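K.L.:
Make a model of this:
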Amino acid sequence: MKKYWAELLGTYILVFVGTGAIMINEISGGTVSHLGVGMSFGLVVMAMIYTIGDVSGAHINPAVTIAFAVAKRFPKNEIFPYISFQLIGAVLASASLYFIFPEATTMGETLPLNDNWIQSFTLELILTFILMFVILNVSTGAKEKGITAALAIGGVVAFEATFAGPICGASMNPARSIAPALFSGSLTHLWLYVVATILGAILAVYSCRLMQDEGCCYNC
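P.N.:
As a prediction, this is how the structure comes out:
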């Protein structure tokens, strides 16, 4: 159970810090800033990789867990418990923020700019592809751990959230989008943040196979 609890706590902290930064930025009149929000997401991911990478692999993202399984680095019978605990952690984080900041008008949910779901779907797919492509090439097996992985993956999350956040929210993580949407009631476009991110992560696996030895994507 240690790895499951690690995924729950890791995803809780990710959603609490990341979406909390969005909420505090709104409440404080922009004090955190958009750049600050992007850096918050990147830094918390980096911190979680250092903290729980050796325990659970620090997936903290259902799309990452599924992609590792597709790459045959992660046992398929572990997919459901990992994702379940990730979702529980994310929901608990949004619940915490909901009660801490009742005056907030946003829960940090991800929404397409001007309801342009095609644009956001495409962007989320590509963003998650890039993230998973980096993860596959810096991780060990199904574990994101160590200085290299933490810096690279945290950096990708930070720069993607910074430049793409204003258009699609730069989710790259179904759990990060599902939990805030449940508390804000913004469910119309939630599907795209689940489908696009999972597809993008899986596409990264096949891209890795094209450029690396087969062993890189299967057994390392």
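K.L.:
State whether residue 109 is indeed within a helix.
P.N.:
No. Using DSSP: H, G, I helix; E, B strand; the rest coil, the assignment for residue 109 is coil, not a helix.
K.L.:
That one and residue 75: what is the separation?
P.N.:
Using Cβ to Cβ, to the nearest Å, residue 109 is found at 32 Å from residue 75. For the C-beta atoms, the positions are set from N, CA and C on the backbone; glycine is no exception.
K.L.:
between these two, which one's more packed in?
P.N.:
Higher neighbour count among residue 109 and residue 75: residue 109, with 25 against 11, using other Cβ atoms under 10 Å.
K.L.:
Which pLDDT value goes with the closest residue to the more buried one other than its chain neighbours?
P.N.:
Leaving out its chain neighbours, the residue that sits closest to residue 109 by Cβ to Cβ, 6 or more residues apart in numbering is residue 180, at 4.0 Å. According to the prediction, residue 180 has pLDDT 98.
K.L.:
name the element residue 180 belongs to?
P.N.:
Element membership for residue 180 (DSSP states H and E) is helix 174-184.
K.L.:
Which other helices and strands does that helix contact?
P.N.:
Applying 3 or more Cβ pairs under 8 Å, 6 or more residues apart in numbering; DSSP states H and E, one finds that helix 174-184 makes contact with helix 2-27, helix 62-70, helix 79-100, helix 190-211.
K.L.:
how about the longest one: buried residues?
P.N.:
Of the residues in helix 2-27, those buried under the neighbour-count criterion (16 or more other Cβ atoms under 10 Å) are 3-4, 6-26.
K.L.:
got any ranges where this protein has weak pLDDT?
P.N.:
Along the chain, segments meeting pLDDT under 70 span 213-220.
K.L.:
How much space separates the residue nearest the centre of the chain from residue 76?
P.N.:
Closest to where the C-alpha atoms of the chain average out (Cα atoms, centre = their mean) is residue 173, at 3.4 Å. Distance of residue 173 to residue 76, computed by Cβ to Cβ: 20 Å.
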